[in-house]
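**Student:** the sequence and its predicted three-dimensional model are supplied below.
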Protein chains: 2
Amino acid sequence: MKVVCFDLEGVLVPEFWEEFSKATGIPELMLTTRDEPDYDKLMKMRIRVLKEHGFTMKEISEVVSKMNALPGAREFVDWVKTVAQPCILTGSYYEYITPLVAKLGYPFMFANSLEIDSKGNIVGYKLRENDGKVEQIKRFKEAGYEVIAVGDSFNDVKMLKEADTGILFKACAALKRQEKQLRKAENYSELKKILEELLD
Amino acid sequence: MKVVCFDLEGVLVPEFWEEFSKATGIPELMLTTRDEPDYDKLMKMRIRVLKEHGFTMKEISEVVSKMNALPGAREFVDWVKTVAQPCILTGSYYEYITPLVAKLGYPFMFANSLEIDSKGNIVGYKLRENDGKVEQIKRFKEAGYEVIAVGDSFNDVKMLKEADTGILFKACAALKRQEKQLRKAENYSELKKILEELLD
């Protein structure tokens, strides 16, 4: 039995803040670590902007409930469940991402937690540990599993290399050039083919 | 976010070998570690008896596909997914138990693996690690989670005590007397009430 670890955004659901920014019409929420490399500054800006626009967890959940997983993602995860143990490794936060993960049938997810006050305002965030994706893959290996990992971006490379097999999914050209030795899939049907081969 | 770890047999599905023995009419398969405390001897006997009766993985899967989860278990697991991260910790084996776990909607499961030959005969078994349930709870804690564990029998006590909160589910009177300090639930509705309180 093998464990298949999926990065979430870009692999099974859209980039969260991009979607959220579009849905709410708040342009600042479009910014990512590409625009603000200091993650703490970025998260604090998001928290401040959400507060300024009157978004408590209630309003956030209403927006996220209307978002959708990537087309075919639910069916793909449902298939993986029949042949391996799938789980999600994400740097995202349970409190806002869960209504979206519900659309995938709630696969097991390792994520982080927000700090919410009694009025439902986000007041902070808490990372469970540094390098959470990599650490979790190490733990699965320690538990006797062979691990396959799937990710789409530069910040997934460390996790993909820690796994027994790492697969780049719909990665940009620059990343594919950089990581020649990783397996590559451009859609769920190609990813399924690679997994079928690895799980055989 | 909390992780809720469930022992499988007796908590979400019936005792496997008991059900399998009834379904196939092979009385020897009714034996458990209560009758043969040497686990290796017990498993080797099961493998031998299955072979004698012509049960390859194909025939075994057909029998298991007709078994059912405990009444209400699927709905209960579906509810837990909406409020926490549920997973199964079991000493059972993926190869034969999966058609039964399918009836629970394939929650993430830490189990063991059988060795199967090219003809589909079971030829051995492989434990991922000693004390797998306890080790996995330690790993969840190490990853920054609070862990709730649910089990029904004496061999679950170590795991229940390793968790932040251990809950005995439909345990026998002797076990309840022995483990006075553990929380106790007799059905899913009582278990739900305890979880709601702990997850609040």
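**Tutor:** Cool, the structure landed.

**Student:** do a quick rundown of the helices in chain A.
**Tutor:** Listed in chain order, the helices of chain A (DSSP state H) span A:16-24, A:39-52, A:57-65, A:73-83, A:94-101, A:132-142, A:157-162, A:173-178, A:188-199.

**Student:** out of these, nearest to B:M109?
**Tutor:** Closest approach to B:M109 among those (Cβ to Cβ): helix A:73-83, 10.0 Å. Every C-beta, even on glycine, is put in place using the N, C-alpha and C of the backbone.

**Student:** list the buried ones in the closest one?
**Tutor:** By neighbour count on 16 or more other Cβ atoms under 10 Å in any protein chain shown, the buried set for helix A:73-83 is A:73-74, A:76-77, A:80-81, A:83.

**Student:** on that earlier part again, export the helices of chain A to TSV and tack on mean pLDDT and distance to B:F169?
**Tutor:** Formatted as TSV, the helices of chain A follow (pLDDT from 0 to 100; distance: least, Cβ to Cβ, whole Å):
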stretch	mean pLDDT	distance to B:F169
helix A:16-24	97	36
helix A:39-52	96	39
helix A:57-65	97	31
helix A:73-83	98	24
helix A:94-101	97	25
helix A:132-142	98	26
helix A:157-162	98	35
helix A:173-178	97	47
helix A:188-199	98	33
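
**Student:** my read: A:G120 touches A:M57, true?
**Tutor:** Yes - between A:G120 and A:M57 there is a contact at 4.3 Å, judged by Cβ atoms under 8 Å.

**Student:** circling back to that earlier point, within reach of chain B, which of the buried residues of helix A:73-83 are there?
**Tutor:** Residues of the buried residues of helix A:73-83 in contact with chain B (Cβ under 8 Å from any Cβ of the partner chain): A:K81.

**Student:** count the residues that sit near the closest residue to A:L175 other than its chain neighbours.
**Tutor:** Distance criterion Cβ to Cβ, 6 or more residues apart in numbering or on different chains; nearest residue to A:L175, sequence neighbours excluded, is A:F154 at 5.9 Å. By the criterion of other Cβ atoms under 10 Å in any protein chain shown, A:F154 has 15 neighbours.

**Student:** what's the end-to-end length of stretch A:87-102?
**Tutor:** End-to-end distance for stretch A:87-102, by Cα to Cα, to the nearest Å: 13 Å.

**Student:** in that stretch, which residues are buried?
**Tutor:** Within stretch A:87-102, the residues that count as buried by 16+ other Cβ under 10 Å are A:87-101.

**Student:** near chain B, which residues of chain A show up?
**Tutor:** In this structure, chain A approaches chain B at residues A:1, A:81-82, A:85-87, A:94, A:102, A:105-111, A:113, A:128-129, A:132, A:135-136, A:139, A:142-145, judged by Cβ under 8 Å from any Cβ.

**Student:** buried subset of those residues as a ChimeraX selection?
**Tutor:** Those of those that count as buried under 16+ other Cβ under 10 Å are selected in ChimeraX with:
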select /A:1,81,85,86,87,94,105,106,107,108,109,110,111,113,128,132,135,136,139,143,144,145
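
**Student:** distance from stretch A:43-54 to the middle of the chain?
**Tutor:** Averaging C-alpha positions (Cα atoms, centre = their mean, to the nearest Å) puts stretch A:43-54 21 Å from its chain's average.

**Student:** stretch A:155-171 now?
**Tutor:** On Cα atoms, centre = their mean, the centre of stretch A:155-171 falls 13 Å from that of its chain.

**Student:** and it, what's buried?
**Tutor:** A:156-157, A:159-160, A:162-163, A:165-171.

**Student:** what do you get for stretch A:48-59?
**Tutor:** A:49-50, A:55, A:57.

**Student:** got it, and stretch A:113-127?
**Tutor:** A:113-114, A:122, A:125.

**Student:** which one of these is nearest to chain B?
**Tutor:** Within the buried residues of stretch A:113-127, the smallest distance to chain B is 5.6 Å, found for A:S113 (Cβ to the nearest Cβ).

**Student:** pretty sure that closest one contacts A:I122?
**Tutor:** No - using Cβ under 8 Å as the test, A:S113 is too far from A:I122 to be in contact (10.8 Å).

**Student:** joint contacts of those two?
**Tutor:** Counting by Cβ atoms under 8 Å, 6 or more residues apart in numbering or on different chains, the shared contacts of A:S113 and A:I122 are A:E95.

**Student:** and which of the buried residues of stretch A:87-102 is nearest A:I26?
**Tutor:** Nearest to A:I26 out of the buried residues of stretch A:87-102 is A:Y96 (Cβ to Cβ; 14.1 Å).

**Student:** what's the spacing between the closest one and A:T82?
**Tutor:** As for A:Y96, its distance to A:T82 is 29 Å (criterion: Cβ to Cβ, to the nearest Å).

**Student:** ok, the buried residues of helix A:73-83 vs chain B, which is closest?
**Tutor:** Closest to chain B, out of all of the buried residues of helix A:73-83 and judged by Cβ to the nearest Cβ, is A:K81, at 3.9 Å.

**Student:** tell me the contacts of the closest residue in space to A:S92 that isn't next to it in sequence?
**Tutor:** Closest residue to A:S92 apart from its sequence neighbours, by Cβ to Cβ, 6+ apart: A:A111 at 5.4 Å. Each residue near A:A111 by Cβ under 8 Å, 6+ apart is listed here: A:8, A:88, A:90-94, A:97, B:1.

**Student:** now render these as TSV, adding distance to B:S65.
**Tutor:** Below are those laid out as TSV (distance: Cβ to Cβ, whole Å):
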residue	distance to B:S65
A:L8	32
A:I88	28
A:T90	34
A:G91	39
A:S92	36
A:Y93	39
A:Y94	34
A:I97	34
B:M1	34
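
**Student:** wait, A:P86 sits on A:F76?
**Tutor:** No - using Cβ under 8 Å as the test, A:P86 is too far from A:F76 to be in contact (9.3 Å).

**Student:** which residues touch A:M67?
**Tutor:** Counted by Cβ under 8 Å, 6+ apart, A:M67 has contacts A:13-14, A:19-20, A:23, A:99-100, A:103.

**Student:** gap between it and A:N112?
**Tutor:** Distance from A:M67 to A:N112, counting by Cβ to Cβ: 19 Å.

**Student:** same thing with A:E190?
**Tutor:** From A:E190 to A:N112 the distance is 30 Å (Cβ to Cβ).
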